[in-house]
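A.B. asks: Sequence first, then the predicted structure:
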Amino acid sequence: MNKILTVCVVALSLAGCREARALRPEDSAAHVNVKPSPKVALSDINLASIGRIAPKGRVQDKEDNQLPVVDQLLEHGKEAIPFLISRLEDETEIEKRVLDYWSEVRVGDVALVILTDFFTDKSWERTTIPGVGWDEFLGGKHDGSVTGEDRLRDYVDSRGRKEIKERWLRIWEKHKENIIWDDEERCFVTQNAN
């Protein structure tokens with residue numbers, strides 16, 4: 001009885017395989033003419049809708065579709081950088097929890113975090129452009145006694161968000177012609193850094 005069952009299973013499998021090979025790719029469900037979702041215009045990207053940013057790692061290292069806003073930004077390549085810079089002064093408060101351990105998060109904060117991550121290599125220790133790391137940008141070394149939020153708030157209170165935007169604009173102007181996306185590092189780098 002088992003031999004007959006085995007012969008039947010093998011026969012059905014072979015018949016199924018022949019049928020599958022006979023199908024044309026355009027007939028399969030995977031090849032239905034589905035248009036890719038259109039690229040969202042930079043001006044339509046809402047940083048306030050970003051969702052929760054993991055406390056470790058970079059925003060671009062997230063699981064697929066975890067942060068669609070980041071995917072939308074990356075679809076624009078380096079053109080996303082001036083867009084993010086333009087949002088650095090945005091004081092709009094984001095009501096939902098975005099950054100763990102932060103009591104409040106503004107759109108400008110999210111723009112700064114994304115910019116920093118986009119220029120941080122895969123080791124999470126080095127930036128690919130001088131001056132854009134959290135410690136370099138905000139001053140001093142993080143020793144654990146002051147939170148990242150407090151460091152940013154102190155900077156904003158003493159120098160203002162306009163200063164953050166102006167510093168990023170200077171960095172962008174200096175490097176924009178040489179900035180490219182590095183697939184291996186999964187971040188923006190300058191061409192002469194490769």
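C.D. replies: Structure received. Numbers count the residues shown, from 1 in each chain.
A.B. asks: ok, so what distance separates the residue nearest to residue 46 when sequence neighbours are not counted from residue 60?
C.D. replies: Using CB to CB, 6 or more residues apart in numbering and skipping the chain neighbours, the partner closest in space to residue 46 is residue 69 (7.1 Å). Any C-beta I mention is one placed from the backbone N, CA and C, and that applies to glycine too. Using CB to CB, to the nearest Å, we find residue 69 at a distance of 11 Å from residue 60.
A.B. asks: Name the surrounding residues that touch stretch 57-73.
C.D. replies: The contact list for stretch 57-73 (CB atoms under 8 Å, 6 or more residues apart in numbering) reads 39-40, 45-47, 49-51, 53-54, 74, 80, 83-84, 113-114, 117-118, 120, 122, 124, 186-187.
A.B. asks: Same check on stretch 176-183?
C.D. replies: Against stretch 176-183 from outside (CB under 8 Å, 6+ apart): 74, 77-78, 81, 128-129, 187-192, 194.
A.B. asks: Residue 113 contacts residue 55, doesn't it?
C.D. replies: No. Contact between residue 113 and residue 55 fails when scored by CB atoms under 8 Å: they sit 11.1 Å apart.
A.B. asks: Neighbour count for these two, which is higher?
C.D. replies: Just comparing residue 113 and residue 55: by other CB atoms under 10 Å the higher neighbour count belongs to residue 113, 23 against 10.
A.B. asks: Confirm that one sits in a helix?
C.D. replies: Yes. Assessed by DSSP: H, G, I helix; E, B strand; the rest coil, residue 113 belongs to a helix.
A.B. asks: Check it and give its pLDDT.
C.D. replies: Reported pLDDT at residue 113 in the predicted model: 94.
A.B. asks: Report the contact partners of it.
C.D. replies: 53, 59, 99.
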